[in-house]
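[1] sharing a model prediction with you, sequence too.
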Amino acid sequence: MAVVRRISIADVFKLAILLTILTLNTNMQKLDETVERTETISTEAVSSPNSIMNPVKTKLDTRLDCPSNLECNKLGGSCVRCDFNKSCEYGSEVIVNCTSLVDDCLGDKKFERHMICQYCYQMDPSNYTCKLSANCNSVASPRSYYKSNCTAKSELLCLGNRVFQKNLPCNWTGGYKWSTALLLSITLGGFGADRFYLGHWQEAIGKLFSFGGLGVWTLVDVVLIWLHYLGPADGSLYI
């Protein structure tokens, strides 16, 4: 006579745990094999000159804004690789050994260049360009600043990253002329023409229907515009 054993809830729970552990072990082994294959392919791609990674490297190289058929020693800083001495004296002129990153430049690809010992972010503002922003208030008090990405000019050499961040003063302009605003305030200020011009629409309407505050508001706005205290509503500076 066959004996049928009852399967308890504890047995089912143990079986579920065992299956979960076996599944996790299998997935971990597959993951390890995938990572190993990926690392092997990456190593071969870097070391082999005919690997599939070379077209990508070529595309990256061609993205450099480097002129062709130019003397190698005249290439910009983004087109050469130099051996910088970061322990040099700040502000002094030093000589560095550089190698061209461009294959079709003229002359010897290894050469010497003169540079001023300073990091790129320490250069004079005329030696780098920054992305300007108009999302700030130029007439705020105290003066507001914003963080911008700046890039050293290609023809210059400097230490550190050629792309860096700087805190720039908010000094953009929306094209409003101070002379035009002042002239409108003196001649047609009683009708709110100066406020309309500067974009202060609500105040302009109030000034229009009050006839310039019976002349008092008109006089006050003339003084405020003359002192540059009253500016464009968008927060920009006069030109």
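    In hand now; what should we look at?
[2] separation between the residue most central in space within the chain and N161?
    Centroid-nearest residue in the chain: N149, 3.4 Å away (criterion: C-alpha atoms, centre = their mean). Using C-beta to C-beta, to the nearest Å, N149 is found at 11 Å from N161. For glycine as for every other residue, the C-beta is placed from the backbone atoms N, C-alpha and C.
[3] what lies in contact with stretch 195-206?
    Here stretch 195-206 makes contact (C-beta atoms under 8 Å, 6 or more residues apart in numbering) with 176, 180-181, 184, 192-194, 207, 221, 230-234.
[4] let's see it at 7 Å
    Contact with stretch 195-206 is made by Y176, T180, A181, L184, G192, K207, G231, P232, A233, D234, as judged by C-beta atoms under 7 Å, 6 or more residues apart in numbering.
[5] list just the nearest of those to V102.
    Within those, the smallest distance to V102 is 44.5 Å, found for D234 (C-beta to C-beta).
[6] next one: the spatially closest residue to the closest one that is not a sequence neighbour, what pLDDT does it get?
    Counting by C-beta to C-beta, 6 or more residues apart in numbering, the nearest residue to D234 once its immediate chain neighbours are dropped is G174, at 5.1 Å. Looking at G174, its pLDDT stands at 84.
[7] so what's G174 up against?
    Applying C-beta under 7 Å, 6+ apart, we find G174 in contact with P232, D234, S236.
[8] can I get the residues you listed in JSON lines with pLDDT?
    Shown next, in JSON lines, are the contacts of G174 (pLDDT from 0 to 100):
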{"residue": "P232", "pLDDT": "92"}
{"residue": "D234", "pLDDT": "86"}
{"residue": "S236", "pLDDT": "87"}
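[9] would you list the contacts of stretch 195-206 in JSON lines and tack on secondary structure and neighbour count?
    As requested, the contacts of stretch 195-206 are arranged in JSON lines below (DSSP: H, G, I helix; E, B strand; the rest coil; neighbours: other C-beta atoms under 10 Å):
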{"residue": "Y176", "secondary structure": "coil", "neighbour count": "18"}
{"residue": "T180", "secondary structure": "helix", "neighbour count": "14"}
{"residue": "A181", "secondary structure": "helix", "neighbour count": "25"}
{"residue": "L184", "secondary structure": "helix", "neighbour count": "21"}
{"residue": "G192", "secondary structure": "coil", "neighbour count": "26"}
{"residue": "K207", "secondary structure": "helix", "neighbour count": "23"}
{"residue": "G231", "secondary structure": "coil", "neighbour count": "22"}
{"residue": "P232", "secondary structure": "coil", "neighbour count": "20"}
{"residue": "A233", "secondary structure": "coil", "neighbour count": "16"}
{"residue": "D234", "secondary structure": "coil", "neighbour count": "16"}
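[10] need the residues you listed in JSON lines (columns: distance to C82).
    As requested, the contacts of stretch 195-206 are exported to JSON lines (distance: C-beta to C-beta, whole Å):
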{"residue": "Y176", "distance to C82": "46"}
{"residue": "T180", "distance to C82": "51"}
{"residue": "A181", "distance to C82": "51"}
{"residue": "L184", "distance to C82": "56"}
{"residue": "G192", "distance to C82": "61"}
{"residue": "K207", "distance to C82": "62"}
{"residue": "G231", "distance to C82": "46"}
{"residue": "P232", "distance to C82": "46"}
{"residue": "A233", "distance to C82": "49"}
{"residue": "D234", "distance to C82": "44"}
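[11] okay, domains of the chain per the record?
    By the assignment in automatic domain parsing, the chain contains the domains 72-169, 178-226.
[12] ends of the first one, how far apart?
    The straight-line separation of the ends of domain 72-169 (C-alpha to C-alpha, to the nearest Å) is 38 Å.
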